[in-house]
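In: please work out how this folds:
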Amino acid sequence: MTTICPDCQCNQGELHEIFCTKERCPLCLGQLVSCSCISSVLDLTPEEQTAVDEYIDDQVEPLEGINRRWVKALNKKGRIPF
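Out: Residues are numbered from 1 along each chain as shown. As a prediction, this is how the structure comes out:
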């Protein structure tokens, strides 16, 4: 059994680094980086959805704010440890 995440290097029982490709979505249990829960949970506007779909630069708006809201929602739901 693997005790260290091969992507973000967290230890078993710890939370993944945010947006690690191995993290599971606490809502649908799918792969977090590819699930579509962000759209429904955050009730994204068409402009925000386009920004998420294109995902060009998450250091600037609107992606920076969307990611901040998404992390808050994930933490509230309860992120799934490795």
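In: longest single helix anywhere in the protein?
Out: Selection of the longest helix in the chain by residue count, based on DSSP state H, yields helix 63-77.
In: any idea how far that one is from the chain center?
Out: 8 Å (Cα atoms, centre = their mean, to the nearest Å).
In: who are the packing partners of it?
Out: Under the contact definition 3 or more Cβ pairs under 8 Å, 6 or more residues apart in numbering; DSSP states H and E, helix 63-77 sits against helix 37-41, helix 46-54. Where C-beta positions appear, they are placed from N, C-alpha and C, glycine not excepted.
In: could I get the average pLDDT for that helix?
Out: Helix 63-77 comes out with an average pLDDT of 97.
In: got CSV for the helices and strands packed on helix 63-77, with mean pLDDT too?
Out: Listed next are the helices and strands packed on helix 63-77 as CSV, based on pLDDT from 0 to 100:
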stretch, mean pLDDT
helix 37-41, 97
helix 46-54, 96
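In: who does N11 bridge with?
Out: I4 (DSSP bridges).
In: tell me how far it lies from V71.
Out: 21 Å (Cβ to Cβ, to the nearest Å).
In: looking at the two, which is more packed in?
Out: V71 (13 against 10; other Cβ atoms under 10 Å).
In: show residues contacting stretch 14-34.
Out: 5-8, 10, 35, 37, 41, 71, 74, 77-82 (Cβ atoms under 8 Å, 6 or more residues apart in numbering).
In: stretch 44-64 now?
Out: So stretch 44-64 is contacted by I38, S39, L42, I66, N67 (Cβ under 8 Å, 6+ apart).
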